[in-house]
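Asks: what follows is a predicted protein model with its sequence.
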Amino acid sequence: MVELNVKESKFKLHLSGCKEGLQALQGLAEQACEGVCLSDIQINRIALALDELFANIHAHGYVNKGGDIECSARWTGVKGSPCQLEIKLRDFAPTIDDVTTCKGVCPETLKENPVAGGLGMHLIYAITETFEHIPLEDGNLWRLVFNISETKDKEV
């Protein structure tokens, strides 16, 4: 098994406003994908999932008041097979012990009232190969893994 060389991008954001933080987070995705052949659909899916997660952290975790997020992105995979982009966001907002209890996440609630909220979480689950939430003592870790159907042209 030959692993691809991984290129990891890391940075820390202080969210002082939704627009600025979102632009910085989109910059992370652009930096991670630089030099990698991705279709427009793949790029849009990555951006959409990050936009949705960022909006939830900003609105619900930090109650629209801003806060810190540590971000990292890296490519993983085996040479000659589809690779994956792994993005992690670590916030310092109040810990969520069970993400399924977040308002609107319950599928039954969504069936009864589809505008109750929580559709973004379902969208993230649909777009990603893996979407994990790990509660921490002082915040939350969010891990998103995207399968990239084409193999990368070159090692990164």
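Replies: Sure thing, it's come through. Numbers count the residues shown, from 1 in each chain.

Asks: quick one: the strands in this structure?
Replies: Shown for the chain, the strands assigned by DSSP state E span residues 8-15, 67-76, 83-91, 130-136, 139-148.

Asks: same question for the shortest one, mean pLDDT?
Replies: Here the mean pLDDT over strand 130-136 is 95, rounded to a whole number.

Asks: output the strands of the chain in TSV; the columns should cover distance to residue 44 and mean neighbour count.
Replies: Glycine gets a C-beta too; all of them are placed from N, C-alpha and C. As requested, these are arranged in TSV below (distance: least, C-beta to C-beta, whole Å; neighbours: other C-beta atoms under 10 Å):
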stretch	distance to residue 44	mean neighbour count
strand 8-15	19	15
strand 67-76	16	19
strand 83-91	14	21
strand 130-136	17	14
strand 139-148	11	19
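
Asks: generate TSV for these, with distance to residue 53 as supplementary columns.
Replies: As requested, the strands of the chain are exported to TSV (distance: least, C-beta to C-beta, whole Å):
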stretch	distance to residue 53
strand 8-15	13
strand 67-76	10
strand 83-91	6
strand 130-136	9
strand 139-148	6
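
Asks: burial count for residue 41?
Replies: Using other C-beta atoms under 10 Å as the criterion, residue 41 is surrounded by 9 other residues.

Asks: thanks a lot, see you next time.
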